[in-house]
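Student: Just the structure for this:
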Amino acid sequence: MYTMICGTAATAHAQRAPAPADRWSELAPGLRILERTARWADGTTARVFAARVDLCQSALTLRVSSPSEGGRTVSAFAAAARALVAVNGDYFERSNLRPTGPSRASGALWSTAAWMHHDSILAIHRDGSAVFRDVTSAGIPALTALFNAPDLQHSDVLSARERVLVDGRVRLSPWVEHDGRRHPRTGVGLSADRRTLWLVVIDGRAARSAGATVEELAEALRGLGASDGVKLDGGGSSALFVRGRGVINRPSDGRERVVANHLAVVRSARGATRPWCATGSR
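Tutor: The predicted structure follows:
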């Protein structure tokens with residue numbers, strides 16, 4: 001477990017070395033940015049950066065970068081896509097900058113690199129809703145079948161290395177070799193009603209921020225209010241871009257890394273209403 005440190009509710013240790021309080025800012029209606037300090041169970045602290053997205057705000061849309069937009073830093077992609085917020089996406093092969101799991105954006109399929117196991121995908125539907133879908137067994141056929149499911153064929157899809165939070169409970173995948181060490185992390189969380197999405201980056205490999213284990217990433221997502229969450233690529237790839245500010249975390253390479261694909265929040269071209277928000281049918 002972990003606790004959030006702020007100037008008004010600190011332990012004796014925190015009083016000796018006070019941590020900054022949560023800092024919220026509003027980037028656009030339905031889109032808020034958070035900077036906070038997390039304290040893990042052993043007293044270690046890490047800097048957490050998050051974008052809270054109201055999926056019922058019709059002026060906002062989630063999207064995955066297309067193959068023609070890939071192979072860029074997060075900020076370079078965000079500038080080209082006119083994104084409000086963007087994070088790095090899936091794990092990838094450095095030699096060819098191809099994601100290691102299937103991905104689809106605006107109907108275009110990414111050509112994948114050598115396959116690496118993924119046990120979940122994030123699907124972004126045309127009606128503005130988002131959902132995590134789990135692979136039921138290890139292996140390429142199971143992942144391919146899920147990716148090609150009829151109800152997902154017209155959705156943007158981003159593969160996730162691992163589902164870390166399910167119905168409010170931490171889940172460590174039986175198919176993924178877990179690293180209990182702390183590293184920079186990137187994650188995505190969804191509320192139980194699927195109306196709120198979080199894009200999260202946790203800094204690591206630095207004196208000011210130790211990073212997070214996979215379990216601590218899940219706990220951080222849950223602490224923000226997510227019921228379900230996944231882990232994307234991390235380490236030196238972890239970067240959260242905010243329009244008007246640039247990348248607000250500190251990438252552990254000392255500079256942004258060129259990555260394969262990305263996940264972004266952009267202004268909606270349609271601005272259509274989202275009936276599923278009112279009915280709760282999603």
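Student: where exactly do the strands run in the stretch 51-200 of the chain?
Tutor: 60-64, 85-88, 92-93, 98-99, 103-105, 108-109, 120-124, 130-134, 156-160, 162-166, 169-170, 185-190, 196-202 (DSSP state E, counting those that start in this stretch).
Student: what's the following helix or strand after the longest one?
Tutor: Beyond strand 196-202 on the C-terminal side, the first helix or strand identified by DSSP states H and E is helix 214-224.
Student: who's in contact with the helix or strand just after that next one?
Tutor: Using DSSP H and E, the next helix or strand after helix 214-224 towards the C-terminus is strand 228-231. Under the criterion Cβ atoms under 8 Å, 6 or more residues apart in numbering, residues 120, 122, 132, 160-167, 185-190, 192, 198, 214, 217-218, 221-222 lie in contact with strand 228-231. C-betas here are computed from N, CA, C, even on glycine.
Student: can you do 7 Å?
Tutor: With contacts defined as Cβ atoms under 7 Å, 6 or more residues apart in numbering, strand 228-231 is touched by 120, 122, 132, 160-167, 185, 187-190, 214, 217-218, 221.
Student: Ok, stretch 147-161 next?
Tutor: 63-64, 89-91, 99, 101-105, 118, 120-126, 176, 230-232, 261, 263.
Student: And these, which of them are buried?
Tutor: 63-64, 89-91, 99, 101-105, 118, 120-125, 176, 230-232, 261, 263 (16 or more other Cβ atoms under 10 Å).
Student: returning to that earlier point: show me the one of the strands of the stretch 51-200 of the chain that comes nearest residue 226.
Tutor: strand 185-190 (2.8 Å; Cβ to Cβ).
Student: now the closest one: how far from the chain's centre is it?
Tutor: Centre-to-centre, strand 185-190 and its host chain are 3 Å apart (Cα atoms, centre = their mean, to the nearest Å).
Student: neighbouring contacts of it?
Tutor: 87-88, 122, 130, 132, 164-165, 197-202, 211-212, 217, 221, 224, 226-234, 238, 263.
Student: Filter those down to the buried ones and hand me the ChimeraX line.
Tutor: Applying 16+ other Cβ under 10 Å to the contacts of strand 185-190 leaves a buried subset, and the ChimeraX line that selects it is:
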select :87,88,122,130,132,164,165,197,198,199,200,201,202,211,212,217,221,224,226,227,228,229,230,231,232,233,234,238,263
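Student: ok, then the element right after the helix-or-strand element of the chain with minimal mean pLDDT?
Tutor: Taking mean pLDDT, DSSP states H and E as the measure, the chain has helix 12-16 as its least confident helix or strand, at a mean of 41. Per DSSP H and E, helix 12-16 leads on to strand 23-28 as the next helix or strand towards the C-terminus.
Student: tell me the mean pLDDT for that next one?
Tutor: For strand 23-28, mean pLDDT rounds to 97.
Student: Then stretch 76-84?
Tutor: When pLDDT is averaged along stretch 76-84, the result is 98.
Student: Restrict that stretch to CA atoms and write it as PDB.
Tutor: Taking Å, rounded to 0.1, in the frame of the first residue of the first chain, the C-alpha atoms of stretch 76-84 are listed here in PDB:
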ATOM      1  CA  ALA A  76       7.100  15.500 -31.500                       C
ATOM      2  CA  PHE A  77       4.000  13.300 -32.100                       C
ATOM      3  CA  ALA A  78       1.900  15.600 -29.800                       C
ATOM      4  CA  ALA A  79       2.900  18.700 -31.800                       C
ATOM      5  CA  ALA A  80       2.100  17.100 -35.100                       C
ATOM      6  CA  ALA A  81      -1.200  15.700 -33.800                       C
ATOM      7  CA  ARG A  82      -2.100  19.000 -32.000                       C
ATOM      8  CA  ALA A  83      -2.600  16.900 -28.900                       C
ATOM      9  CA  LEU A  84      -3.600  18.300 -25.600                       C
END
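Student: count of residues packed around residue 163?
Tutor: As a burial measure, residue 163 scores 24 neighbours (other Cβ atoms under 10 Å).
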